[in-house]
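**Q** Here is a sequence together with a model predicted from it:
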Amino acid sequence: MAEKNMRDKDQRKRLDAAAMRLLASKDMTASTNEDEAAIAETWDALDILRADPHIMAELRTPYRAPFWQRTDGIKTLGAGMAACATIAAVALALVLSPQTYVTRVGEQRLVPLADGSQVTLNTDSRISVHIDGGQRRVTLERGEAYFDVAKLAGAPFVVVSGASEVRVTGTHFNVRRDTNSVRVDVEEGRVLAGAHAATNPAGAAILTANQAVTLDEHGLVRQRSVADIDRVSNWRRGRVYFNETPLRDAVADMNRYTRTRLVIATPGIADMPVSGVYRVGASDSFARALGLAYPVQVQTHDNVIEISQKGHAAF
């Protein structure tokens, strides 16, 4: 190895010397003999180079500029970087911007979330979802939603509805937002519900399985009760469930699922308790069933179904 290195150095010295002589021969004062000697030495040096298999192998290999120096490489690299930047921007926007989900009147929808949780939206509902690392926040802007929350250590799941907040870590519960109230029904797990429950747990109601709370427009506890799991499980299956429910509440519930309006024409029957299970949106079937089972009469005018008292029945 040492002998080869010495030989290579000698070859480089001879080539350098020949090159210097060739350059010097360009001086107008150089003699003809000097020109001929420089040229001869240069050819000798080239012969030495041609005899080296490693040098010849390098000479036979086509030159190709590095990827980032080539025109096609620059275009490809630029396009790739632009695509990566676009993807990153979109991903960042998806993380930072709340995602909105909406159902129309009569529609229900299952929404899988990025953290493994699921939300089932009832008719005419709207939520916005913000999931970013340790923050999991859903705003129920209107309507009703059932939450199946995945357990995620260190990342509480918060549902906001008006002035009310519900805070959980992993559970099953239902939230319904009406005009002046929010009702929370817990099927499984433990829930904090109240005004600013996430930041003020001392002022929130603590709920466990089969418990419910109704909060007023300020997020304050209006009423505690037993969770209405039958009603919740039925609406998730496309049915409306009533159990000794005042007619006014039953009519309001049926009206959530269709543009056809049920109207109580006789105020005196509004408190009449009704029971049964009906398909969502089937207001006409509900009205006919009332006419058969209760002392009421039903009349339909365009998209309005009037329910009035029949005879002088007392309720």
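**A** Received the coordinates, thanks. Numbers count the residues shown, from 1 in each chain.

**Q** Nearest spatial neighbour of residue 118, chain-adjacent residues omitted?
**A** Leaving aside its sequence neighbours, residue 118 sits nearest to residue 148 (Cβ to Cβ, 6 or more residues apart in numbering; 4.4 Å). C-betas here are computed from N, CA, C, even on glycine.

**Q** and the one you found, how far is that from residue 207?
**A** Separation of residue 148 from residue 207 (Cβ to Cβ, to the nearest Å): 16 Å.

**Q** and the next element down the chain from the helix or strand of the chain with the lowest mean pLDDT?
**A** The helix or strand of the chain with the poorest confidence is helix 71-96; it has a mean of 48 (mean pLDDT, DSSP states H and E). Where DSSP states H and E defines the elements, the next helix or strand beyond helix 71-96 is strand 99-102.

**Q** Show me what counts as buried in the helix or strand that that next one is followed by.
**A** Next helix or strand after strand 99-102 toward the C-terminus (DSSP H and E): strand 109-112. Neighbour-count burial for strand 109-112 flags residue 111 (criterion: 16 or more other Cβ atoms under 10 Å).

**Q** Offset the numbering so it begins at 477, please.
**A** Sure, I'll start counting at 477 from here, so that last one is strand 585-588.

**Q** quick one: strands adjacent to strand 585-588?
**A** Strand 585-588 sits in its sheet next to strand 594-597 (antiparallel), going by DSSP bridges.

**Q** what's the strand it pairs with in contact with?
**A** 577-579, 584-589, 603, 605, 614, 619-624, 712 (Cβ atoms under 8 Å, 6 or more residues apart in numbering).

**Q** please redo it, this time with the cut-off set to 6 Å
**A** The contact list for strand 594-597 (Cβ atoms under 6 Å, 6 or more residues apart in numbering) reads 579, 585-588, 621-624, 712.

**Q** Extract the CA atoms of that strand and return them as PDB.
**A** What follows is strand 594-597, C-alpha atoms only, in PDB (Å, rounded to 0.1, in the frame of the first residue of the first chain):
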ATOM      1  CA  GLN A 594     -68.000   8.700  19.100                       C
ATOM      2  CA  VAL A 595     -70.800  11.200  19.100                       C
ATOM      3  CA  THR A 596     -74.300  10.400  17.900                       C
ATOM      4  CA  LEU A 597     -76.200  13.500  16.800                       C
END
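
**Q** Show the subsequent helix or strand relative to it.
**A** Taking DSSP H and E, what comes next after strand 594-597 is strand 602-608.

**Q** which strands and helices sit next to that next one?
**A** Helices and strands touching strand 602-608, by 3 or more Cβ pairs under 6 Å, 6 or more residues apart in numbering; DSSP states H and E, are strand 575-578, strand 611-624.

**Q** Dihedrals phi and psi, residue 769?
**A** In terms of degrees, to the nearest 10, the main-chain angles of residue 769 are phi -100, psi -20.

**Q** go on, residue 704?
**A** Here is the backbone geometry of residue 704 (degrees, to the nearest 10): phi -90, psi 70.

**Q** Identify the residues contacting it.
**A** Contacts here follow Cβ under 6 Å, 6+ apart; on that basis residue 704 touches residue 661.

**Q** Right, I'll call it a day here.
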